[in-house]
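Enquirer: Let me see the structure of the following:
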Amino acid sequence: MKKVLIICYICIITSLPVIAQDNNFHPGEIWNDVDGKPINAHGGGILYDRGNYYWFGEIKSGKTVRVEEDKAWENFRVNAGGISCYSSKDLVHWKFESIALKPEVTDSTSEIYTGKVIERPKVVYNAKTKQYVMWMHIDSRNYGYARAGVAVSKTPQGPYKYLGAVRPNDAMSRDMTVFKDADGRAYLISTSENNQTMHVNLLSDDYLKPTTTFTRILIGQNREAPAVIKHGSKYYLVTSLCSGWDPNAARYATADSLLGKWTVQGNPCVGADSATTFQSQSAYIIPVASTNKYIFVADRWKKTDLPDSRYIWLPLTFDGDKMKVEWKDSWHL
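Expert: Below is the predicted model of the structure:
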């Protein structure tokens with residue numbers, strides 16, 4: 001009987017979903033940190049700093065509810081849990097560091113009150129001020145606020161001090177990312193004008209506010225979820241269409257300058273399920289340090305159970321100037 005029980009136990013264990021505890025990425029599977037707990041860092045961004053990678057993301061926990069007063073779309077959400085921070089040296093094994101930015105739990109007038117929206121955090125280091133600067137999407141419960149918020153810390157893992165939120169150049173800002181160029185300048189790229197157009201905003205020297213230098217791109221093209229890299233002499237911007245929590249086909253555009261003209265190139269995803277970006281939405285692109293490799297970072301949202309949303313990390317490659325993202329069940333750098 002004991003032998004039978006042991007065999008049954010082994011069968012149960014080996015039939016469970018594969019979790020990234022080896023040196024491979026397993027897109028869409030539960031991804032545990034080094035302490036065996038599921039990584040909670042959605043809509044994330046990754047900072048490379050002094051030999052370490054830091055993964056910042058939305059903490060999603062608790063019950064998923066639909067905002068009944070917002071009938072315009074399927075506004076499913078959980079209470080804002082703040083921003084998490086994980087660290088890694090190899091991009092596969094992640095250690096939970098901290099709640100880098102804690103939400104306000106008592107003052108409902110606060111912009112980072114747990115009943116509001118704190119999304120898509122991105123962190124860059126400012127060498128002049130020696131501060132880590134976090135930008136994020138800040139919004140009201142029904143997404144009518146449409147602002148970009150900023151916070152600072154002396155260390156990558158925080159805690160971050162929230163400084164406030166703005167509409168860059170008096171324009172809406174929802175889904176966003178931040179890109180730091182090789183010359184030290186940083187840019188806030190965000191969905192604007194009721195998600196119909198994207199804005200590229202040059203940030204001030206301290207990265208704490210948008211300057212009046214900005215440009216409107218992808219005008220009238222209904223885009224969100226921006227992710228930016230520079231490869232060779234060109235800039236690449238991956239976005240999604242706007243279809244709520246449901247996935248759609250990604251698009252990418254190229255430019256010779258962040259503030260210049262952007263040309264749409266098509267869907268970077270190839271193969272089966274490419275029409276839904278492999279059932280996910282872009283969040284970030286990681287340039288792997290000391291290599292010419294990139295990782296496409298996306299979220300597979302589960303709209304009625306947002307804490308169970310999964311991470312889709314896939315190799316992003318180039319054939320000349322053409323970008324390509326292809327599905328892999330399991331892969332390693």
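Enquirer: so how many other residues sit close to the closest residue to P27 other than its chain neighbours?
Expert: Spatial nearest neighbour of P27, excluding adjacent residues (Cβ to Cβ, 6 or more residues apart in numbering): I312 at 4.6 Å. Any C-beta I mention is one placed from the backbone N, CA and C, and that applies to glycine too. I312: 22 surrounding residues under other Cβ atoms under 10 Å.
Enquirer: repeat for T155
Expert: 15.
Enquirer: And D33, by the same measure?
Expert: Residues lying near D33 (other Cβ under 10 Å) number 22.
Enquirer: need the contact list for it.
Expert: Listed by Cβ atoms under 8 Å, 6 or more residues apart in numbering, the contact partners of D33 are I39, Y86, W94, K95, F96.
Enquirer: likewise S87?
Expert: N52, Y53, Y54, W55, W94, K95, E97, P156, Q157.
Enquirer: For those residues, work out which two are farthest apart.
Expert: Among the contacts of S87, the pair separated by the greatest distance (Cβ to Cβ) is W94 and P156, at 13.7 Å.
Enquirer: re earlier: distance to P247 for the contacts of D33 - can I get that in JSON lines?
Expert: Shown next, in JSON lines, are the contacts of D33 (distance: Cβ to Cβ, whole Å):
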{"residue": "I39", "distance to P247": "20"}
{"residue": "Y86", "distance to P247": "25"}
{"residue": "W94", "distance to P247": "24"}
{"residue": "K95", "distance to P247": "30"}
{"residue": "F96", "distance to P247": "28"}
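Enquirer: Dump those residues to TSV, plus secondary structure and pLDDT.
Expert: Formatted as TSV, these follow (DSSP: H, G, I helix; E, B strand; the rest coil; pLDDT from 0 to 100):
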residue	secondary structure	pLDDT
I39	coil	98
Y86	strand	99
W94	coil	98
K95	strand	98
F96	strand	98
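Enquirer: quick revisit: identify, from the contacts of S87, the entry nearest to D329.
Expert: Looking across these and measuring by Cβ to Cβ, the closest to D329 is W94, at 20.4 Å.
Enquirer: and that closest one, how far is that from P287?
Expert: Separation of W94 from P287 (Cβ to Cβ, to the nearest Å) stands at 18 Å.
Enquirer: Looking only at neighbour counts, state which of the two leads.
Expert: A side-by-side neighbour count of W94 and P287, using other Cβ under 10 Å, places W94 first with 23 against 16.
Enquirer: Do I have it right that the more buried one meets I39?
Expert: Yes - between W94 and I39 there is a contact at 5.8 Å, judged by Cβ atoms under 8 Å.
Enquirer: Name all residues that sit in contact with these two at the same time.
Expert: Common neighbours of W94 and I39 (criterion: Cβ under 8 Å, 6+ apart): W31, D33, W55, Y86.
Enquirer: Let's verify A165: helix, strand, or coil?
Expert: strand (DSSP: H, G, I helix; E, B strand; the rest coil).
Enquirer: residue contacts, it?
Expert: E111, I138, Y145, R147, A148, G149, V150 are the contacts of A165 under Cβ under 8 Å, 6+ apart.
Enquirer: Please apply the same query to S282.
Expert: Contacts of S282 (Cβ under 8 Å, 6+ apart): A225, P226, A227, V238, T239, S240, A250, F296, V297, A298.
Enquirer: Run a quick neighbour tally on the closest residue to the last one other than its chain neighbours.
Expert: The shortest distance from A298 to any residue that is not its chain neighbour, by Cβ to Cβ, 6+ apart, is 3.8 Å, and that residue is S280. S280 sits with 27 neighbouring residues when counted by other Cβ under 10 Å.
Enquirer: re earlier: just give me the closest of the contacts of S87 to M172.
Expert: W55 (27.3 Å).
Enquirer: What helix or strand is the closest one located in?
Expert: Assessed by DSSP states H and E, W55 sits inside strand 52-58.
Enquirer: hey, C-alpha coordinates of that strand in PDB?
Expert: Output of strand 52-58 as PDB, limited to C-alpha atoms (Å, rounded to 0.1, in the frame of the first residue of the first chain):
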ATOM      1  CA  ASN A  52      21.200  43.300 -10.800                       C
ATOM      2  CA  TYR A  53      17.800  43.300 -12.600                       C
ATOM      3  CA  TYR A  54      14.900  44.800 -10.700                       C
ATOM      4  CA  TRP A  55      11.300  43.900 -11.700                       C
ATOM      5  CA  PHE A  56       8.600  46.400 -10.700                       C
ATOM      6  CA  GLY A  57       5.000  45.600 -11.100                       C
ATOM      7  CA  GLU A  58       1.400  46.000  -9.900                       C
END
